[in-house]
Every structure is written in structure tokens, then in C-alpha cells.
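> Here is a sequence together with a model predicted from it:
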Amino acid sequence: MLIIGAFEHSIELEEALSVLENRGILRKSIMVVPMDTDSTKSTQYISRSWDRYNKAIEVGMAVAPAGAVIGMSIGLVLKWGPVFWALILAFAGFAIGLGIYLFVNKSYNRHLPKKLPEVTVIVQCSEDRSMMVMETMRKYHALTVGHINEARNE
């Protein structure tokens, strides 16, 4: 008989495994499989900070032309003329857009997810020990417990 239990990665999992071994379940009869909840999350987390700076540069580049237009308009009446004021306010607009975006999104996905992936435990045992294995898994906070009667093709 196969008993299957799903646990969160925690100390209860370790306790359940040690109790099963102490109650006579052989280590070779226990299979522990850590589950990958979403394979794209790990690669997305690595590139998030890079994406944050790319987006900040995009916002800065979008605000820069507005600064240039304003600089050109006020440069018509100021001493240095429209070209210099357009360049000055374009750089200022870029810096303001970049700074505001980074300030507003400063805590954007900096931390790893709090919940760890699940672990599946598969125990092969005889039918008379199956209730003990399932009760042990439930006692140590298994998320789900199931069993399969092994069908023999003879």
C-alpha cells in the first residue's frame, strides 16, 4: 500500500519522518519529494530588480521631452535662450521621472515569498501499518493524506 501525504516545508515534516522511522518504517520505504510550485517565479524574482531600473529609465525618458518643451517655452524669455533651457530641463525631467519612480516603487518585490513550497511524502507499507502511517501524518499537520492499494498484475 502506498500512503501519500503533502506537507509544508517545516519542522513538523522532519518530526513526522523521524516518528515513522522510529515506528519501524524503513528509510528505503519512504520517498520525500520537494514540489516546485511555479518554475517561472524563481527566474522572475532574479530579474525583478533589473526590470525595476529599466522601467524607471523608461519613465525618466517619457518625462524628459515634457521638460524639454517647458524649457524651450520659458527659454524664449530667459537669458540663455530656448536650446540651453530645453536641454537643462530635459535632463532635469529625466532625473525627476527616474527619482519619483524609484521612490514610489522602492519596496517593489524585494523579499522572497513567505510561503515555502510543499513537500510530498510517499510511504510504502503493509495494509496493517497503513492506519498508523496516516495517523502519524495527520498528527504532524499534513495538508492532505491519501492512499493507494497496490494492484498486482499476475
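Noted; the coordinates are in hand. Numbering: from 1, shown residues only.

> which stretch of helix or strand covers residue 128?
Here residue 128 is covered by helix 127-139, with elements defined by DSSP states H and E.

> Show me how far that helix is from its chain's centre.
With C-alpha atoms, centre = their mean, to the nearest Å as the basis, the distance from the averaged C-alpha position of helix 127-139 to the chain average is 33 Å.

> now the angle from the following helix or strand past that helix to helix 127-139?
Moving toward the C-terminus from helix 127-139, the next helix or strand (DSSP H and E) is strand 144-148. Taking axes from the mean of the first three to the mean of the last three C-alpha atoms, to 10 degrees, strand 144-148 and helix 127-139 form an angle of 170 degrees between their directions.

> can I get the CA coordinates of the helix holding residue 128 in CSV?
Output of helix 127-139 as CSV, limited to C-alpha atoms (Å, rounded to 0.1, in the frame of the first residue of the first chain):
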residue,chain,number,x,y,z
GLU,A,127,-2.0,-2.7,5.0
ASP,A,128,-1.9,-3.3,8.7
ARG,A,129,0.6,-0.4,9.2
SER,A,130,-1.2,2.0,6.8
MET,A,131,-3.5,3.4,9.5
MET,A,132,-0.5,4.2,11.8
VAL,A,133,1.3,6.0,8.9
MET,A,134,-1.8,8.0,8.0
GLU,A,135,-2.5,9.0,11.7
THR,A,136,1.2,10.0,12.1
MET,A,137,1.0,12.2,9.0
ARG,A,138,-2.2,13.8,10.2
LYS,A,139,-0.8,14.3,13.7
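
> Identify the residues contacting that helix?
Outside of helix 127-139, the residues within contact range by C-beta atoms under 8 Å, 6 or more residues apart in numbering are 1, 3, 5, 7, 16, 19-20, 23-25, 121, 123, 125, 145, 147, 149. Quick note: C-beta positions are derived from backbone N, CA and C, even for glycine.

> Return the member of these nearest to residue 56.
When the contacts of helix 127-139 are compared for distance to residue 56 (C-beta to C-beta), residue 7 wins out at 40.7 Å.

> helix, strand or coil for the closest one?
State at residue 7, reduced to three classes by DSSP: H, G, I helix; E, B strand; the rest coil: strand.
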